[in-house]
Structure formats: C-alpha cells, structure tokens
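1. model the following, please.
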Amino acid sequence: MSESPRPGTPQNAEWQGATQVVRAGLPDVVPGTPYLPGPVFAAPYHAPGDPTQSPFTYGRFDNPTWKGYESALASLEGGPCVLFPSGMAATAAVLATLVPPGGTVLMAAECYYTTRVMATQPFAGGWFASQGMQVLQAPTANDGILRALEARNEPLAMVWLESPTNPQLDVCDIAAIAARAHALGAIVVVDNTTVTPLLQQPLALGADVCVVSDTKAMTGHGDIVLGHVAVRDAAHVDALRMWRTRMGVIPGPMEAWLAHRSLGTLHVRLMQQCRSAQVVAEFLAERARNGVGVTGVRYPGLQDDPSHALAARQMSHFGCVISFELPSAEAVTRFFAASELIYEATSFGGLHTSAERRARWGGDAVSEGFIRLSVGLEDVNDLVRDLARALDAI
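-> Modelled structure (predicted):
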C-alpha cells in the first residue's frame, strides 16, 4: 500500500495526498494576506443593482468561507461538493432532492442508524412517508446488496450504501453494485464517513453521490459538527444547493473555516491512526485466538477479516475504527474503568482514542458487549499496554 494515497482530481496531477490536503482550496497568493483567510461573517453583502452581478448577496444563499472549504473537498472527492451543518443534514438533503415521490430506495441494513430511522419511520410529520418513499433493506455482508439487486427487475430510485459500515465494519463492492444499480435506473449513494475520501473514493468507483459526516475524521478534533455531499452530476449540485437555501440548513462560517484549517492535518492524522489501528487490531486478534476474553475482532486490515480482500482492492488504507466484543455489558464497564487512555464517548475519527458500548443506544444488531474503538494519535505502545491492562481487569 502506498503511504500517500492520491485523491481524485487533484489540483496538480503529480501531488500526493499529503500535499493535496495541505493545499486544497487555498486562495491565490496575494501579498499581505494569510494562507487561509479567516471566516466571513455576514448576513447581507454589498449587492447594488443586478444581484446576479455580485458573487454574494445574502448569508443564507452562500458564503465565501463555505466556498473555500467546498473547493478543497471537491479536489479530494473528484466532484463538486455542497456543505451542510451536519452529516444528517447532508443525508436528509440527498434523500429529499434525489428520490422522487413514490420512489423506492434499497438501503444497506447496517447503515447509520439515524439514516434508517429518517428513511423508514414517521417523524416531524412523517415527511418522507408523506412522499410515498419506499425503503427496502439488504445486508452489506456476503454480497447481500448485490444479490438483492440481481434479483430485482423493477426500477429503483436510489441505492444507499455505507462501506465500511459503522459499527460492524462490513465492506461492499461499490463498483459492482453501482453497475447493477445503474442498469435499474438507480442513483448510487455511499456514506464514506468511516474512512474519508483520502482512503476511499466512491465517485471514482462508480457511485453518483458521496455523503460524509465531517464531524468525524475529516476534522478530527471533536469540536465541529458538519457534513458534506459530493456528486458527479452538476444538476444534483443545483438541487442540493436549492434545498439548502430554501430550507435554511446552512453551515456556520466558523465551523467551515475550522474544518478547512483541520483539513491540512488529515493525511498525517489518518496515516498515524491507520498504522496504530493495524497494531491494535493485531493485538486484539491475537488475544481472541488465545481465548483471552476478546471475541469478534473486526478490522478490514486484518488478513483473515471477511472484508479484507475487497477492502484492499478499493481502499488505500483501512481507517481508525476497530470493533470487538467482550462477554457482557458489565465486562465493558470494568474495561472502561481500568483504562487510562480510552475515553468513553460516541463518535469516532478524533485525535483522542475513544470507544463505546454500542448496544447502549439500541438500533444496531450487536451484542451487549460489542465495542466500537476509534484509535487516536497516542503512542501505539502506550495504547496496547493500556488495552492489555483494561482487558486483564475483566
């Protein structure tokens, strides 16, 4: 595996990932100005006469700080991007604008729980239900989605994938699914939050739309809630931006600026996290093989993981998230109590190592002792010692 994966459509075709994330979306050099200008806070802008002659007119329509970060994201994703105030705002915009009334969506059964809730359960007046949207589900593992598509002859509006899935870390064949889905007339959406466009590029693999919660690894500091959508078709960009403007689901300038600033360290953060996650996963897998309290270790980077061969083909590295199981919820409580380095918290992708017992939320088909671990930037030897101590305590 290359140490510096190259994002799609870079500003310079010879630039590697580390260079791209540092330079992406920066303005032209102007003497006396900063590399990345600070956030622009404005409701109205100066816009005399014909408003089409002004690049910015009103704060709900657009903002130069959003534009800068969207430009940076586009160079990584390989297609134009639209920024939203959260990953779920981005998800809602995609479902609302790209699924016609009465359309059918085939959705990964293990995709993010709130996405499934939004698409399938009445809420806030049951908006999606009122549009007649039908949702089918198929498992990601064992080519479940591809087999469901191959068995279907009726048209589909959309196929919604998540790869690797969160939290089970199953991987699907994006290219094969996209080819079959397109034959049925479907738009293919991939939630790429777990690994980011630096490690996997769904648009290059044939997907039409990519959704990412920038709250996670994209920004990596646990202090921003943000999301974005990347697309192939410019018409989809227009629809998404119109939805954002009309519905008022706009990102804050400060959040957009902080995200752009954080992007410059994405490569160094992810490469270190991937290296450490591989070591931690191998440590956990060894304990599982020896029957020392741990079972069900999943990480796509492990040679014997069910997703390894496919993940190695369509990802450049394997991410920072590992899952494993302890015997019970009580064992997880003892595990956290004995650890000095693992924060008990939801979310993942941050510079601090964190974990949680996922069953406490409900919604995911996992055991009471299932743990999702997000490996941070601490020294990996310290992490392994801390894990060993915490596991021994149970």
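
2. tell me which other helices or strands the host helix or strand of E70 touches.
-> Using DSSP states H and E, E70 maps to helix 64-77. Contact partners of helix 64-77 among helices and strands, from 3 or more C-beta pairs under 8 Å, 6 or more residues apart in numbering; DSSP states H and E: helix 17-23, strand 81-84, helix 196-199, strand 227-231, helix 253-263. Heads up, the C-betas are built off the backbone N, CA and C, glycines and all.

3. which of the ones you listed sits closest to L184?
-> Among the helices and strands packed on helix 64-77, the nearest to L184 by C-beta to C-beta is strand 227-231 (19.3 Å).

4. give me the contacts around whichever helix or strand comes after the closest one.
-> Using DSSP H and E, the helix or strand that follows strand 227-231 towards the C-terminus is helix 234-247. Residues outside helix 234-247 that contact it (C-beta atoms under 8 Å, 6 or more residues apart in numbering): 60-61, 80, 82, 84, 93-94, 96-98, 208-209, 229, 231, 249-250.

5. report the buried members of the residues you listed.
-> Listed as buried from the contacts of helix 234-247 are 80, 82, 84, 93-94, 96-98, 208-209, 229, 231, 249-250; burial here means 16 or more other C-beta atoms under 10 Å.

6. okay, strands next: where are they in the chain?
-> Read by DSSP state E, the chain holds these strands, from start to end of the chain: 81-84, 104-108, 134-138, 158-162, 187-191, 209-213, 227-231, 295-298, 321-325, 343-344, 354-357, 370-374.

7. dump those strands to a markdown table, plus mean pLDDT and distance to G25.
-> Below are the strands of the chain laid out as a markdown table (pLDDT from 0 to 100; distance: least, C-beta to C-beta, whole Å):
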| stretch | mean pLDDT | distance to G25 |
| --- | --- | --- |
| strand 81-84 | 98 | 10 |
| strand 104-108 | 96 | 31 |
| strand 134-138 | 95 | 35 |
| strand 158-162 | 98 | 26 |
| strand 187-191 | 98 | 22 |
| strand 209-213 | 98 | 15 |
| strand 227-231 | 98 | 12 |
| strand 295-298 | 98 | 34 |
| strand 321-325 | 98 | 26 |
| strand 343-344 | 98 | 31 |
| strand 354-357 | 98 | 28 |
| strand 370-374 | 98 | 26 |
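
8. count the neighbours of the residue nearest to A277 when sequence neighbours are not counted for me.
-> In this structure, A277 finds its nearest non-sequential neighbour in V375, 4.2 Å apart by C-beta to C-beta, 6 or more residues apart in numbering. V375 has 30 neighbours, counted by other C-beta atoms under 10 Å.

9. correct me, but V375 touches H352?
-> No: V375 is not in contact with H352 according to C-beta atoms under 8 Å; the separation is 10.0 Å.

10. follow-up on the earlier one: got the contact list for the residue nearest to A277?
-> Q273, S276, A277, V280, C320, V321, I322, T353, L383.

11. can you give me the neighbour number for the fifth one?
-> The reference is to C320. Other residues near C320 number 33, with proximity taken as other C-beta under 10 Å.

12. where does the stretch 1-150 of the chain dip in pLDDT?
-> 1-13, 122-126 (pLDDT under 70).

13. make it 50
-> For the stretch 1-150 of the chain, the stretches with pLDDT under 50 are 1-10, 124-125.

14. ok, back up a step: need the residues that contact the helix holding E70.
-> Taking C-beta under 8 Å, 6+ apart as the rule, helix 64-77 contacts 7-11, 20-21, 24-27, 36-37, 39-40, 55-56, 80-83, 197-198, 201, 203, 210, 228, 230, 250-251, 253, 256-257, 259-260, 263.

15. which two in the contacts of V375 are spaced the farthest apart?
-> V321 and L383 (14.2 Å).

16. neighbour count winner among the two?
-> V321 (27 against 23).
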